[in-house]
Structures are given as C-alpha cells and as structure tokens.
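> I'd like to go over a predicted model; first the sequence, then the structure.
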Amino acid sequence: MSAAMLSLGERIAGELGRGSLEQVYIKGLKGYVILMSVGEEGGKELFPDIVVVRRPGVWLQMMAEVETADTLTDETALNEWKPLSKVGELFVYVPMGHVPETKALLKKHKIKVAGIRTWRFRPVWGLDVTEA
C-alpha cells in the first residue's frame, strides 16, 4: 500500500514541478499516516516503515523496517536494510522466532543495525514487541 502511495506522490510532485518527493501526509478519521524520506542512496529516495525525528525536517533519530516471515529475504536485506543502514540508526522488527534468520542475513550482507526487535500479535492481548 505505501509503495503505491509513494509512486503516486512522486508522479504528482514531478508533474506539478515540485521537485523530488520528501513526505506524503494522509489524514484519516482515526489519525495520520506520514511517509517520510530519510535521504537518498544510489539515486533512490529511502522511505522506511517507521521514522522517528526530533522535529520534522530537523534530524533523524532512528528508523525501522517491519518484516514478516515472507519478507525476510536476501532481496529485502540488500534493497531495503543495507541502504537504510547507511543513512542512520536502523532497527529491524521481525516476527518472533525469526531472529537467527535475521542475524544470518545481516552477517551475510555485512549490514550493521542498531538492533533487532521481535513482534507477535496475540488476539486477546494485542501486539507484543521485545528486544532481541
């Protein structure tokens, strides 16, 4: 979904002559979604899943990629984690039980991250996030 929003935003920004896309804001009845670029690597704008800034436009504090069992791949490590790890502090959130696989991908592709966190959803209790 966010890839489609970014693609549309880039097209609109280009057609209106507003330069490269930096942020996409969406306001819904239950809150906001903000997709924010954290920089550029290899000519490609980088949009992590989670961005934490001190103040918008000031400086990046940390960012994160949230993965599922299906997205823990070499392609994800090379195309998403590696470029993001070069521009700031990156955390990788993976499903509980997938830490060894994640560590192997990070080591294989020589990617340094600030940390790995696990997540799981339990219907009665909700979302659990823990430091790996």
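Perfect, I can see it now.

> Look at K107 and say how many residues are nearby.
Residues lying near K107 (other C-beta atoms under 10 Å) number 9. In short, each C-beta sits where N, CA and C put it, glycine included.

> can you check T71 too?
Neighbour tally, T71, other C-beta under 10 Å: 14.

> now I34
11.

> From I50, how far off is it?
For I34, the distance to I50 equals 11 Å [C-beta to C-beta, to the nearest Å].

> again, but for T76
T76 is 15 Å from I50, by C-beta to C-beta.

> Compare neighbour counts for the two and give me the winner.
Higher neighbour count among T76 and I50: T76, with 17 against 13, using other C-beta under 10 Å.

> In space, what's closest to the residue nearest the centre of the chain - neighbours in sequence excluded?
With distances taken as C-alpha atoms, centre = their mean, the residue of the chain nearest its centroid is P48 (2.4 Å). Nearest non-adjacent residue to P48, counting by C-beta to C-beta, 6 or more residues apart in numbering: M63, 4.0 Å away.
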